[in-house]
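Participant: pasting the sequence and the predicted model now:
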Amino acid sequence: MSTATSISSKAPKKTFGQWFAATGWRHLIGVALCIYAAFPLLYVLSASLNPNGTLLSSNGFFSTVGFESYEKLFANQQRPFAAWFANTMFIGLTTAAASVLLGALAAYSFSRMRFKGRRFGLVSLLVVQIFPQLLAVVAIFILLTTLGDVYPALGIDNQIALIMVYLGGALGVNTYLMYGFFNTVPIEIDEAAKIDGAGHARIFFTMILRLVAPILAVVGLLSFISTTSDFVIASVVLVSPENQTLAVGLYSYVSEEFTSNWSVFAAGAVLAAIPVMALFLFLQKYIVGGLTAGAGK
Amino acid sequence: MNLKTTAPPEDAPERSSREKSTSLQFSGGLGTMLFKILALAILDATAVFAIFLAIAKDAVLIASIIGVITLLINVIYLKRGWLPAKYLAPGAVFLLIFQVFVIGYTGYIAFTNYGSGHNSDQDDAIMSLLQTNQQRVPDSASYPVTVLDGADGLALLVEREGQQLVGDSDDPLAPIDPAELGKYTQLNFADLLGRQQEVTSLAVPMNEDPTQGTLRTSDGRTAYQYTSTLVYDKGADTMTDSITGTVYSDTGVGAYSAPDGEQLMPGWSINVGFDNFTRAITDSSIRSSLISVTVWTFVFAFLSVATTFFLGLFLAIVFNDLRMKGRKIYRVISILPYAFPAFLGGLVWAGMLNKDFGFVNQVLFNGASIPWLTDPWLAKFSVLWVNLWLGFPYMFLVCTGALQSIPEELSEAAKIDGAKPFQIFRLIKMPLLLVSVAPLLISSFAFNFNNFNIIYMLTEGGPRLEGGAMNVGSTDILISMVYKVAFVGSQRDYGLASAFSIIIFLIVSLIAVISFKQTKALEELN
């Protein structure tokens, strides 16, 4: 492959026609692709910088620039954006950390131990993950209503309850992904440590977890992304505005006063998207690898 | 094995070494041991507290479930061995309650009439009927009251026979310790005006007996005794309207009904058997909505996968040319939509596609008013278009990876054998690519089958289907229909929504069975 590139770069100057036939048309497609992909994002950015912008006045692309919409966003008492942001981060990070731990524990036992019911366990996890939790959203709502009568901390409108619901879905989705990766770590490492006198807990927490760190990052990130973008369950469980997440809150922004507050919504959208996009682009390689490996298994 | 059967002297060193190993393990695990005991102690204490709370609220079932789970966890962690269980238990508890149980519970709800007007048991319904249909007792005494604001909302303070009584909407009037009064703040005149609606709707039960009625105030100073116009006859299990004389009885529909079919609301939830399913199939308005939504769900999921896959594959082929410069930049920019949160993508596009003010109509189409989101067919197109925008980068990445993992030698060998580039692609690269990508296509199909966010954020399922009795639109997929039936609008029908959920479960299981077989077949190809 390297020879191919060096040859092409050393090649004598080509005519425009030759260049176009070889790679030029590809650039044409590339430019069209970039416009398609990036345009809506630039549009939100420009809308968010358009002070007092309605939907109509946001069509002027970067015609005016100002940060008033961002100030308005944080000043709005009925729609506490700062609280939504903090809630989303809290729920997302807690769920991600806990699902990584729960998934890793389960994957370790499936990968390293041979026990009665192991095959059954693996198969049922595979079956369970077919049914997304949001199908049971009605039952979740009623269950939390019932629990909330006894324990307000586990009822409707409580973030701990929502996190516990998300954790219920964690094992099914993540264990398979992790199980595949755990299997790639040679079992000889465990055996050597066992001979040296290390117990199973020590082997797991101090050795295996370090060796499987990439998959932990992938699962954590995927869980963070799916939790923060969940609307169905979050909108049913979290009722009062100060408890809601970004997905629920920003939806209410748009659904209730669509066209007049557009630039304020756009400002919220930009701020909400930045952490997720930054994380994603930063860890892009791992995610794509993890997605293909996990689903391919 | 042999060692054990030989002479005793051989046995001694073995035992000593075993002792050594256990003591080693113990010393190494002392911290872990303490941690374990501490963690279990905290868990048990919390559980005991929770059980007491549950028993205090008469929730025996919850109490016993917590008891059983806690006991099991203790056994698992205190017993030697059972190592796999120690690692599986934490996740399994959540999985069993919030995934397996709720799926089963969905099945149960599908056989009830749970929903608006039917969301509690019979006792609660009686209580609420007696509390809501109330009238002032004629010529009853007036009580001077003070309105208080407490932790549980508003409360009334009454002085009777020198004793101070306090009650709120849940707790009947009861004597109160003057020291306890510090927990409440008295509402002043301005507060009374500001919270007038709250004050007038406050009804404090006179005592534990619901037939004694409640104390209500309209001005925040004087309260009167109100009793229900309905009279409950416990023996006959009937409600009688004391004004009209109509007798409402429990006819098995989950509400007290008059002979002419009029029902008193709220009712209670009852088991209705297959009613929800029969309604979905026989009621023509529900059936036509259900059929059109199911068809669209399949079409949407299939076309979403097909469009994203072909665009992704096309781009992967175009950019998989090593002579091309700047491929990295194109790749990073084209990934942006995938990194953008999907729900925001839907909301932003909803603004751009707005008929009157949106960017697409105003700028690209020069002020035309094309109903992108409000015409049934254009809305379907828009949903697919936006989903293509959100989803093609994933397929682009996946196809690029798959193409690059195909060994170059294969196409070189084919070229030597005289194959044309398109033949190489169609006969060699494509089959190999499909083998590695097929499972991803299936999981992408499954994902889009329940892709609630894109539908709901972009069109909210609309535009509404004509002639349908339900609030269902032409871009609604099954999961958004479930959500709308259960949680949107004033008429919430949990039973019907759960029945729809069960139908989705069945469809998804069918797809899963087929896809499992299919992927195995594809693996054998490899």
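Facilitator: Yep, that arrived.

Participant: ok, the residue in the stretch 151-297 of chain A that chain B sits nearest to - contacts?
Facilitator: Minimum separation of the stretch 151-297 of chain A from chain B (CB to the nearest CB) falls at A:G168, amounting to 2.3 Å. No exception for glycine: its C-beta is placed from N, CA and C like everyone else's. Contact analysis of A:G168 by CB atoms under 8 Å, 6 or more residues apart in numbering or on different chains lists A:133, B:94-95, B:97-99, B:102.

Participant: repeat that with 10 Å
Facilitator: Shown in contact with A:G168 (CB atoms under 10 Å, 6 or more residues apart in numbering or on different chains): A:128, A:133, A:136, A:140, B:91, B:93-102.

Participant: ChimeraX command for the buried members of these?
Facilitator: The ChimeraX selection below is limited to those of these classed as buried (16 or more other CB atoms under 10 Å in any protein chain shown):
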select /A:128,133,136,140 /B:91,93,94,95,97,98,99,100,101,102
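
Participant: tell me the one of the contacts of A:G168 nearest A:S111?
Facilitator: B:G91 (14.2 Å; CB to CB).

Participant: hmm, back to that, please give the element, helix or strand, for the residue of the stretch 151-297 of chain A closest to chain B.
Facilitator: Per DSSP states H and E: A:G168 is located in helix A:159-184.

Participant: hmm, who's touching the very next helix or strand once past that helix?
Facilitator: Next helix or strand after helix A:159-184 toward the C-terminus (DSSP H and E): helix A:187-195. The contact list for helix A:187-195 (CB under 10 Å, 6+ apart) reads A:108, A:111-112, A:186, A:198-200, A:202-204, A:206-208, A:211.

Participant: narrow these to those in strands?
Facilitator: Per DSSP state E, strands hold no members of the contacts of helix A:187-195.

Participant: okay if I get the residues you listed as a markdown table plus pLDDT, distance to B:Y338 and neighbour count?
Facilitator: A markdown table is the format used below for the contacts of helix A:187-195 (pLDDT from 0 to 100; distance: CB to CB, whole Å; neighbours: other CB atoms under 10 Å in any protein chain shown):
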| residue | pLDDT | distance to B:Y338 | neighbour count |
| --- | --- | --- | --- |
| A:Y108 | 92 | 31 | 26 |
| A:S111 | 89 | 30 | 20 |
| A:R112 | 88 | 34 | 19 |
| A:P186 | 88 | 34 | 10 |
| A:A198 | 84 | 42 | 17 |
| A:G199 | 83 | 43 | 15 |
| A:H200 | 84 | 39 | 18 |
| A:R202 | 85 | 40 | 17 |
| A:I203 | 88 | 37 | 20 |
| A:F204 | 89 | 34 | 18 |
| A:T206 | 87 | 36 | 11 |
| A:M207 | 87 | 34 | 16 |
| A:I208 | 89 | 31 | 22 |
| A:L211 | 88 | 29 | 14 |
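
Participant: list the buried ones in stretch B:158-169?
Facilitator: Judged by neighbour count (16+ other CB under 10 Å), stretch B:158-169 contains these buried residues: B:158, B:165-169.

Participant: dump these into a markdown table; add secondary structure, pLDDT and distance to chain A as well.
Facilitator: Shown next, in a markdown table, are the buried residues of stretch B:158-169 (DSSP: H, G, I helix; E, B strand; the rest coil; pLDDT from 0 to 100; distance: CB to the nearest CB, whole Å):
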| residue | secondary structure | pLDDT | distance to chain A |
| --- | --- | --- | --- |
| B:V158 | strand | 81 | 28 |
| B:L165 | strand | 81 | 26 |
| B:V166 | strand | 83 | 22 |
| B:G167 | strand | 82 | 20 |
| B:D168 | strand | 80 | 16 |
| B:S169 | coil | 77 | 15 |
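
Participant: and the residues you listed, which is closest to A:H27?
Facilitator: Nearest to A:H27 among these, with distances taken as CB to CB, is B:S169, at 70.5 Å.

Participant: check contacts around the closest one.
Facilitator: With contacts defined as CB under 10 Å, 6+ apart, B:S169 is in contact with B:131, B:152-156, B:201-205, B:214.

Participant: any idea which helix or strand carries residue 47?
Facilitator: Since no chain was named, I'll use chain A. helix A:25-48.

Participant: wrong one, I was asking about chain B
Facilitator: Here B:A47 is assigned to helix B:30-56, by DSSP H and E.

Participant: for that helix, the averaged confidence score.
Facilitator: For helix B:30-56, mean pLDDT is 89.

Participant: what's the answer for stretch A:162-173, then?
Facilitator: 86.

Participant: go on, stretch B:343-352?
Facilitator: Averaging pLDDT along stretch B:343-352 yields 92.

Participant: nearest spatial neighbour of A:W262, skipping sequence neighbours?
Facilitator: Distances taken as CB to CB, 6 or more residues apart in numbering or on different chains put A:L55 closest to A:W262, at 4.2 Å, once the chain neighbours are dropped.

Participant: what about the one you found, how many neighbours?
Facilitator: Per other CB atoms under 10 Å in any protein chain shown, the neighbour tally for A:L55 reads 24.

Participant: ok, then the element right after the helix holding A:A47?
Facilitator: Next along the chain after helix A:25-48, taking DSSP H and E as the criterion, comes helix A:68-75.
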